[in-house]
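**Q** My questions concern the predicted model and sequence given below.
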Amino acid sequence: MHRRDALRALLTFAAGVARPRTLARFGGAALPQLAALAAGSASALTPSRAAANADAFDFAQLKGRARALAAAPYQPRVRPFPDALRHLDWDHYQAIRFRDRRALWAGDGLRFQVKFFHPGWHYDKPVRIDELVDGRAREIALDAGMFDYTRSALTGAWLQSHLGFAGFRVLFHTDPQRDVAAFLGASYFRAVAGNGQYGLSARGLAVDCGLARPEEFPVFSEFWLERPKPDADTLTLYALLESKNVSGAYRFDLQPGPTLSMNVSAALYPRAPIERLGIAPLTSMFFQGDSDRRADADWRPQIHDSDGLAMWSGNGEWIWRPLANPPSLRFSAYQDQTPRGFGLLQRDRNFDHYQDDTAFYDRRPSAWVEPRSNWGKGSIDLVELPAEDETVDNIVAFWNPADTPQPGQELLFDYRLYWGTTTPFRPGLAEVVATRDGIGGVVGQKRSHFSWRFVIDFAGGNLPLIGKDVKVEPVITASRGKVEIASARPLASTGGYRAMFDVRPPEGDTAPVDLRLFLRVDGQPLTETWLYQWSPREERRSA
């Protein structure tokens with residue numbers, strides 16, 4: 001399923017916006033007719049009273065359930081699904097509108113409400129959603145009175161008992177018509193910053209992402225939404241995660257604000273060894289930017305949800321890795337121990353650099369992961385996939401523990417997710433603000449060999465304090481080839497510095513080259529560390 005499809009659903013239901021952006025690449029008994037139910041009385045039961053029975057529930061019980069699932073052979077949940085819903089096209093699916101008065105907790109004087117996504121179209125694996133009140137869980141049953149089907153062409157279709165929902169979205173009292181977060185599809189979820197703009201996604205878990213074989217996609221099969229106190233500014237919800245090789249129990253504590261935060265507690269129970277386990281995965285899109293102009297025919301200068309992977313390593317080093325739209329799958333692993341954080345960021349906030357007045361890439365949120373427990377040894381992994389257009393999520397970043405998860409283990413991870421236009425943690429050093437590249441050599445002189453130039457701009461930190469006679473040194477390393485024509489000089493337009501150098505790859509060698517750069521004075525670092533992986537391409541050799 002393309003990423004544009006799922007975000008369409010989010011934005012269309014949230015604000016009636018047509019043609020927005022997209023989500024993940026990686027791909028009965030008869031009841032009264034929908035039309036008749038849709039025309040029913042407004043006094044229909046509220047979702048919180050839709051099911052009569054309530055069961056005791058807490059997070060410890062959910063973890064026990066997930067552990068028990070992992071100890072038994074995997075049995076995917078199968079629910080009969082009406083063909084009329086499965087065969088809906090996009091236009092008719094998005095025409096199904098949730099009735100605002102049927103929102104969970106509507107009219108109860110709470111700061112939060114929850115509205116539900118209807119199953120159908122690509123969302124043919126509905127999930128169960130429960131309301132949790134005073135430690136008792138009660139299923140919220142889908143009934144057609146929650147939705148307006150007038151324009152959906154569903155007359156004559158049949159709704160099945162306990163079908164479940166596609167997902168849900170969370171609204172806060174400061175703007176009861178716009179989402180602050182949404183959970184929709186597999187284990188995907190996303191949130192907005194204070195400007196209300198969606199962008200990149202997060203997932204509950206990634207399994208074998210970026211390997212040669214197909215990726216496994218765990219799903220949140222059931223949610224529990226805890227009724228908040230009247231003055232609460234935090235919403236707590238729980239989720240059961242299921243897949244072929246792992247099950248899990250999750251707790252989320254959502255706190256809206258200019259930067260929305262989510263405290264996440266995850267307990268994972270492998271059913272089989274997992275070669276590459278992705279903790280706190282972030283999924284985004286990078287189509288083209290200053291350092292990657294694959295789509296030269298597009299009139300927009302840059303097209304991306306995120307422009308780089310930022311990492312704050314366990315030893316305190318700050319690292320910036322610009323993203324790319326590579327010609328083939330590219331995998332990078334950055335070894336670390338007890339990382340302090342990482343995130344996919346949209347640093348460039350200048351509208352003029354995008355010129356897109358419908359997608360508003362300059363407003364897209366960044367997402368930062370802050371571990372709240374000792375994650376031990378492992379790596380921050382980055383998967384970059386080739387994308388032919390902007391409708392595909394082609395970037396994934398996650399933490400991969402060093403030890404391969406084994407059956408019978410309990411793996412506990414606690415972290416906080418931040419969604420905002422700025423990140424809560426920043427280096428005191430100068431940051432990378434632009435990465436550009438092009439043909440190397442000296443202008444006006446005939447080139448005797450092929451080389452490729454990299455231009456990296458830094459700003460902030462102590463750079464404005466550097467005197468004109470102080471020597472700033474670019475510290476550059478390359479995993480292969482030769483570094484040539486290196487320099488670092490002040491850049492008046494930003495009050496920062498510009499570093500430039502050429503890389504001459506070994507003759508006839510097109511293997512990837514790992515590059516590393518930072519600026520220093522008298523042995524003291526002035527900037528964060530810039531990392532990049534460059535693949536010499538034959539078409540560039542003729543440039």
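**A** Nice, thanks for sending it over.

**Q** For burial, what's the neighbour tally of V433?
**A** By the criterion of other Cβ atoms under 10 Å, V433 has 16 neighbours. C-beta coordinates here come from the backbone N, C-alpha and C atoms, glycine included.

**Q** er, S247 I mean
**A** Using other Cβ under 10 Å, S247 has 26 other residues around it.

**Q** Tell me the bridge partners for it.
**A** E242, Y269 (DSSP bridges).

**Q** Was I right to think it contacts L69?
**A** Yes. Under the criterion of Cβ atoms under 8 Å, S247 makes contact with L69 at 4.2 Å.

**Q** Give me the common contacts of these two.
**A** Taking Cβ atoms under 8 Å, 6 or more residues apart in numbering as the criterion, S247 and L69 both touch Y269.

**Q** For the strand or helix carrying D437, list the C-alpha coordinates in CSV.
**A** Using DSSP states H and E, D437 maps to strand 431-439. This file holds the C-alpha atoms of strand 431-439, laid out as CSV (Å, rounded to 0.1, in the frame of the first residue of the first chain):
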residue,chain,number,x,y,z
GLU,A,431,24.7,22.2,12.8
VAL,A,432,24.7,21.1,9.2
VAL,A,433,22.2,23.3,7.3
ALA,A,434,22.8,22.2,3.7
THR,A,435,24.6,19.4,1.8
ARG,A,436,25.2,19.8,-1.9
ASP,A,437,27.3,17.9,-4.4
GLY,A,438,28.4,18.0,-8.0
ILE,A,439,31.2,17.4,-10.4
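
**Q** Any chance you could list what contacts that strand?
**A** 290-291, 308, 320, 322, 347-348, 451-461, 494, 496, 527-528, 530, 532, 534, 540, 543.

**Q** With stretch 407-415 instead?
**A** Under Cβ under 8 Å, 6+ apart, the answer for stretch 407-415 is 63, 67, 70-71, 263-273, 277, 279-280, 369-373, 375, 401, 405.

**Q** Among the residues you listed, the buried ones, what's the ChimeraX command?
**A** For the buried members of the contacts of stretch 407-415, the matching ChimeraX selection, counting by 16 or more other Cβ atoms under 10 Å, is:
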select :63,67,70,263,264,265,266,267,268,269,270,271,277,279,280,369,370,371,375,401,405
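
**Q** So which of the contacts of stretch 407-415 are in strands?
**A** 263-270, 277, 279-280, 369-371, 401 (DSSP state E).

**Q** Among these, pick out the one closest to G444, please.
**A** Closest approach between these and G444, by Cβ to Cβ: V369, at 47.6 Å.

**Q** Neighbours of R151, how many?
**A** 12.

**Q** Please apply the same query to K229.
**A** 10.

**Q** Shouldn't it be within a strand?
**A** No. K229: not assigned to a strand; according to DSSP: H, G, I helix; E, B strand; the rest coil it is coil.

**Q** do you know how far it is from P176?
**A** Noted for K229: a distance of 18 Å to P176, by Cβ to Cβ, to the nearest Å.

**Q** the strands in the stretch 251-400 of the chain, which residues?
**A** Ranges of strands within the stretch 251-400 of the chain are 260-270, 277-284, 286-288, 303-304, 308-312, 318-322, 330-337, 341-345, 366-371, 377-384, 395-401, based on DSSP state E, counting those that start in this stretch.

**Q** Output those as CSV; include the columns distance to R436.
**A** Shown next, in CSV, are the strands of the stretch 251-400 of the chain (distance: least, Cβ to Cβ, whole Å):
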stretch, distance to R436
strand 260-270, 32
strand 277-284, 21
strand 286-288, 13
strand 303-304, 15
strand 308-312, 14
strand 318-322, 10
strand 330-337, 19
strand 341-345, 18
strand 366-371, 21
strand 377-384, 18
strand 395-401, 20
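
**Q** Adding mean pLDDT and distance to R190, write those strands out as CSV.
**A** Below are those laid out as CSV (pLDDT from 0 to 100; distance: least, Cβ to Cβ, whole Å):
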stretch, mean pLDDT, distance to R190
strand 260-270, 98, 10
strand 277-284, 98, 9
strand 286-288, 94, 17
strand 303-304, 95, 16
strand 308-312, 98, 18
strand 318-322, 97, 22
strand 330-337, 96, 24
strand 341-345, 98, 12
strand 366-371, 98, 9
strand 377-384, 98, 18
strand 395-401, 98, 14
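
**Q** How many residues are close by the nearest residue to R347 once chain neighbours are set aside?
**A** Distances taken as Cβ to Cβ, 6 or more residues apart in numbering place D307 nearest to R347, at 5.7 Å, with adjacent residues excluded. For D307, the neighbour count with other Cβ under 10 Å is 26.

**Q** next one: F425
**A** 13.

**Q** wait, what's in contact with it?
**A** 312, 340-341, 368, 370.

**Q** Give me the pLDDT for it.
**A** Note on F425: pLDDT of 90.

**Q** How about the one 4 residues further on?
**A** Looking at L429, its pLDDT is 96.

**Q** For the spatially closest residue to it that is not a sequence neighbour, give me its contacts.
**A** Distance criterion Cβ to Cβ, 6+ apart; nearest residue to L429, sequence neighbours excluded, is G461 at 4.6 Å. The contact partners of G461, by Cβ under 8 Å, 6+ apart, come to 427-431, 526-527.

**Q** repeat that for 10 Å
**A** Counting by Cβ atoms under 10 Å, 6 or more residues apart in numbering, G461 makes contact with 426-431, 496-497, 519, 525-528.

**Q** which one of the residues you listed sits closest to Y334?
**A** The nearest member of the contacts of G461 to Y334, counting by Cβ to Cβ, is E528 at 13.6 Å.

**Q** Quick one: neighbours of the closest one, just the number.
**A** 25.

**Q** Please tell me how far it sits from L429.
**A** Counting by Cβ to Cβ, the separation of E528 from L429 is 5 Å.
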